[in-house]
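Asks: Pasted the sequence and its predicted model underneath.
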Amino acid sequence: MSSLDWRMPRWFHQMGSPKWFYEWGGRLQSWFALAALVLLGWGMIWGLAFAPADYQQGNSFRIMYVHVPAAILSQSIFVSMAVAGAIGIIWKMKVAFMVARSCIAIGATFTAIALLTGAIWGKPTWGTYWVWDARLTSTLVLLFLYAGVMALNQAISERQTAGKATAILALVGTINIPIIKYSVEWWNTLHQSSSFSLTEKPTMPAEMYVPLLLTVLGSYCLFALLVLMRTRTQILQTQGHTKWLTQHPDIEGV
Amino acid sequence: MMGFMLTIIRRDLLLIARQPAELINPLVFFVLVVALFPLGVSPEASILSQTAAGVIWVAAMLATLLSLELLFKLDHEDGSLEQLLLAPYPSWSLVLAKVLVHWLVSGLPLVLLSPMIASMLFLPSQALPSLMLSLLVGTPTLSLLGAIGAALVTGVRGGGMLLTLLILPLYVPVIIFGAASVAAGAQGLPIDGYMALLGAMLVFALMITPWAASAALKL
Amino acid sequence: MFFNSLEDLWVMSGHGAFVWSCYGLFVGLLALNVWHSRSQRAKALKQVRAIARRVV
């Protein structure tokens, strides 16, 4: 591993410096916050009040505008966590481990939202809260994967070791996600219990999918905001002894 | 390197031969878990034969994970793991040797024990070949994937519970195709497709485990 | 607006309870996450300030 010495642009290595990340993260944060607020607010109001009802599912399909972004984010965040962990292992970057650690709670939140909203959506659609639908089942397994990563991260007290262990588990989990997904989908067609699956839409008019696009983009911005916030907090927690931080306006400016 | 692996295998087998409880406990656990199902669900043959494949696979997974906890732990505690990692051989060969021993003493006995368990659960006898074959191909995958978890929790307090939490989600594809192959076998359908998929998963586990587990051991 | 009245928007022809509870969960759980991140930062800031004061 350590023999890898790939040439990377300067900004890439700068990003690995806690000071640089803290500064730039602070500047980017407010933009992401603004974008998340506007996109999510716009998309949700559009989805709730202005999008036409679905001819088959009626108004309950409006749940899609929060369920689908949560489901997409739950997977993207797991992959981001693994990528951050891999960067941490390959280039020995502390900040990357912090980013990976920040992803855990955010990803678990989105996964829980996807699972809960999926179950609530099931009630008007199938008549019961839980059906072993392919999407719901693989989201449940994903939640278990997050639980494992979280448990491992908390069981190891030394941060650097915990970061590496988490990164390895996240990488193994990410390689497995597609296999789990396809096996669950295959299993679901074998035991077809529901007549149609959630979010299986052949055609969707623009006034139906544009709000979805907005909430998905907004969720990505919110994810970025939360990662920046949590990672900067970890920088505060671990870099308290450094001169740049004790002399930083955030600290001295009180 | 082959010599190194053989030495490890011989040493670990010898250790287990002197401490046979390690070999027997997971098997007793396996039978025990399976025996609880008729008590909890129903002794009715029609119900049991339907659930048999899933029950056997779940019990096999739990038994595997239970015995995996000790895979690196004892060597870690007496310090020999550190020495073995310092040996001038790639650390993945150590992982593979350990996993092989683990499968020989836990996976293989499960395969051999499965006909007895299957008859207790009234699994149709024509499903027996597919059960044994799927366990034969599937249990090495369980040992390999589980070794990653065992390596990660080595030296962590309360590792057993943690190991189960980390690894069981990764076992999902194995149980899906393992149990499905038994169901297909019970209906007299061909099972070569399932075996190919289980085999592919074994190859896949063989590719990632040596890297992931040896990286985890070096933490 | 797709609905005729605010009443309609709330009831959504019988699906209101499901739709609104999902939106509530989405907003609520994510807001909780933001709040938690903010409180963690405040706590960490306080600690670093304590260290800084000791150093100076």
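Replies: Arrived safely, thanks for sending. Numbers count the residues shown, from 1 in each chain, chains lettered A, B, ... in the order given.

Asks: Buried ones in stretch A:90-106, by neighbour count?
Replies: A:90-91, A:93-106 (16 or more other C-beta atoms under 10 Å in any protein chain shown). To be clear about C-beta, it is placed using only N, CA and C from the backbone, and glycine gets the same treatment.

Asks: I misspoke; the intended subject was stretch B:31-40.
Replies: B:31, B:33-34, B:37-38.

Asks: Then stretch A:39-53?
Replies: A:39-40, A:43-44, A:46-48, A:51, A:53.

Asks: in the chain, what spans have low per-residue confidence?
Replies: Unless you meant another one, I'm taking chain A. For chain A, applying pLDDT under 70 flags the ranges A:1-7, A:192-203, A:253-254.

Asks: right idea, wrong chain: chain C
Replies: In chain C, residues with pLDDT under 70: C:55-56.

Asks: can you give me the helices for it?
Replies: Here chain C has its helices, by DSSP state H, at C:6-11, C:16-55.

Asks: ok, now chain B?
Replies: Counting by DSSP H, the helices of chain B are B:2-18, B:21-40, B:45-68, B:73-77, B:80-86, B:91-102, B:108-120, B:128-153, B:159-167, B:172-186, B:192-217.

Asks: helices and strands around the second one, which ones?
Replies: The reference is to helix B:21-40. helix B:45-68, helix B:108-120 (3 or more C-beta pairs under 8 Å, 6 or more residues apart in numbering or on different chains; DSSP states H and E).

Asks: Quick check on whichever residue of the stretch 151-254 of chain A sits closest to chain B: phi, psi?
Replies: Relative to chain B, the nearest point of the stretch 151-254 of chain A is residue A:183 (3.8 Å; C-beta to the nearest C-beta). For residue A:183, the backbone dihedrals (degrees, to the nearest 10) come out as phi -70, psi -40.

Asks: Same question for residue A:54.
Replies: phi -80, psi 140.

Asks: before we move on, back to that, most neighbours per residue, which of the helices of chain C?
Replies: helix C:16-55 (a mean of 16; mean count of other C-beta atoms under 10 Å in any protein chain shown).

Asks: near chain B, which residues of the stretch 51-200 of chain A?
Replies: Among all residues of the stretch 51-200 of chain A, those adjacent to chain B (criterion: C-beta under 8 Å from any C-beta of the partner chain) are A:89, A:141, A:144-145, A:147-149, A:151-152, A:155-156, A:161, A:164-165, A:168-169, A:171-173, A:175-176, A:179-180, A:183-184, A:186-187, A:190.

Asks: Take the buried residues of stretch A:39-53 and lay them out in JSON lines including distance to chain C and secondary structure.
Replies: Converted to JSON lines, the buried residues of stretch A:39-53 look like this (distance: C-beta to the nearest C-beta, whole Å; DSSP: H, G, I helix; E, B strand; the rest coil):
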{"residue": "A:39", "distance to chain C": "13", "secondary structure": "helix"}
{"residue": "A:40", "distance to chain C": "8", "secondary structure": "helix"}
{"residue": "A:43", "distance to chain C": "11", "secondary structure": "helix"}
{"residue": "A:44", "distance to chain C": "6", "secondary structure": "helix"}
{"residue": "A:46", "distance to chain C": "10", "secondary structure": "helix"}
{"residue": "A:47", "distance to chain C": "9", "secondary structure": "helix"}
{"residue": "A:48", "distance to chain C": "7", "secondary structure": "helix"}
{"residue": "A:51", "distance to chain C": "7", "secondary structure": "coil"}
{"residue": "A:53", "distance to chain C": "7", "secondary structure": "coil"}
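
Asks: related to what we said a few turns ago, count of residues packed around the residue of the stretch 151-254 of chain A closest to chain B?
Replies: Close neighbours of residue A:183, defined as other C-beta atoms under 10 Å in any protein chain shown, add up to 22.

Asks: From residue B:174, how far off is it?
Replies: 9 Å (C-beta to C-beta, to the nearest Å).

Asks: what's the answer for residue B:126, then?
Replies: For residue B:126, the distance to residue B:174 - C-beta to C-beta - is 23 Å.

Asks: neighbour count winner among those two?
Replies: residue B:174 (26 against 11).

Asks: And the more buried one, how close does it get to chain A?
Replies: 9 Å (C-beta to the nearest C-beta, to the nearest Å).

Asks: nearest to chain B, of the helices of chain C?
Replies: Once the helices of chain C are compared by C-beta to the nearest C-beta, helix C:16-55 is nearest, at 21.9 Å.

Asks: Which neighbouring elements make contact with that closest one?
Replies: helix A:18-45, helix A:64-91, helix A:94-126, helix A:206-238, helix A:243-246, helix A:249-252.

Asks: Output those helices as TSV; include the columns distance to residue B:218.
Replies: Output for the helices and strands packed on helix C:16-55, formatted as TSV (distance: least, C-beta to C-beta, whole Å):
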stretch	distance to residue B:218
helix A:18-45	25
helix A:64-91	11
helix A:94-126	16
helix A:206-238	22
helix A:243-246	31
helix A:249-252	37
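
Asks: Of those helices, which is nearest residue C:17?
Replies: Closest of the helices and strands packed on helix C:16-55 to residue C:17 is helix A:94-126, at 8.8 Å (criterion: C-beta to C-beta).

Asks: Next, the angle from the closest one to helix A:64-91.
Replies: 160 degrees (axes from the mean of the first three to the mean of the last three C-alpha atoms, to 10 degrees).

Asks: how far off helix A:206-238 does helix A:94-126 point, in degrees?
Replies: 140 degrees.

Asks: can the helix or strand just after helix A:94-126 be found next to chain C?
Replies: Downstream of helix A:94-126, the first helix or strand assigned by DSSP states H and E is helix A:134-155. No: Helix A:134-155 stays clear of chain C (C-beta under 8 Å from any C-beta), getting no nearer than 13.2 Å.
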